[in-house]
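Student: Generate a structure from the sequence data that follows.
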Amino acid sequence: MKGNDYNITYPEVCLLLKKSKRTVSRYIKKGLLNSEKIGNQYLFNRNEVEKLNKTKRTKRTDKTKPERDIISFLKEQIKVKDEQIKEYQERSRETNIMFNRLQNQLLLTGDKKEVKQDKEDRQDKKEKGLNGFFKRLFK
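Tutor: Presented below is the predicted three-dimensional model:
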């Protein structure tokens, strides 16, 4: 009786499941599909094959739904991160501009201080001359 229920050949199972021979052999090894070897042929139960085909399809769609949700979530996160990166780059550019301005101001004020010191040095030299002599004399 058991032999009568097994009436689908191996290639027919591959066509029904739309899977390769290797995948069908994996299903057999995992115990998802039962077969009976008659002579040189493996025969399968049509009801069992159709049942496996339905369960495999539903499991796959159930699996892909959360994956799609995750993918859409990750795409949104990438968009947010891209915006944050753009804002960071703009702030970094503004900071560089500010640092350059401060550096230029420091260089300008640094030059002015040196100029002032040079003028003071010149005044000290002048005071050491004849005018400086008279100024010290009449103090």
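
Student: Which helix or which strand is home to the residue nearest to Ser35 when sequence neighbours are not counted?
Tutor: Counting by Cβ to Cβ, 6 or more residues apart in numbering, Ser35 lies nearest to Tyr42, which is 4.5 Å off, once chain neighbours are set aside. Yep, even glycine has a C-beta here, placed from its N, CA and C like the rest. Assigned by DSSP states H and E, Tyr42 belongs to strand 41-45.

Student: Could you give me the buried positions within that strand?
Tutor: Across strand 41-45, burial judged by 16 or more other Cβ atoms under 10 Å covers Tyr42, Leu43, Phe44, Asn45.

Student: Lys75 versus the first one, what's the distance?
Tutor: Which is Tyr42. Applying Cβ to Cβ, to the nearest Å, the value for Tyr42 to Lys75 is 45 Å.

Student: so where do the strands sit in the chain?
Tutor: Along the chain, counting by DSSP state E, strands occupy 6-9, 35-38, 41-45.

Student: and the closest residue to Ile8 other than its chain neighbours, what does it touch?
Tutor: In space, not counting the residues next to it along the chain, Ile8 is nearest to Phe44; the distance is 4.6 Å by Cβ to Cβ, 6+ apart. Under the criterion of Cβ atoms under 8 Å, 6 or more residues apart in numbering, the contact partners of Phe44 comprise Tyr6, Ile8, Thr9, Tyr10, Glu12, Val13, Leu33, Asn34, Ser35, Glu36.

Student: at 7 Å what do you get?
Tutor: Taking Cβ atoms under 7 Å, 6 or more residues apart in numbering as the definition of contact, the neighbours of Phe44 are Tyr6, Ile8, Val13, Leu33, Ser35.

Student: That concludes my questions; thank you for your assistance.
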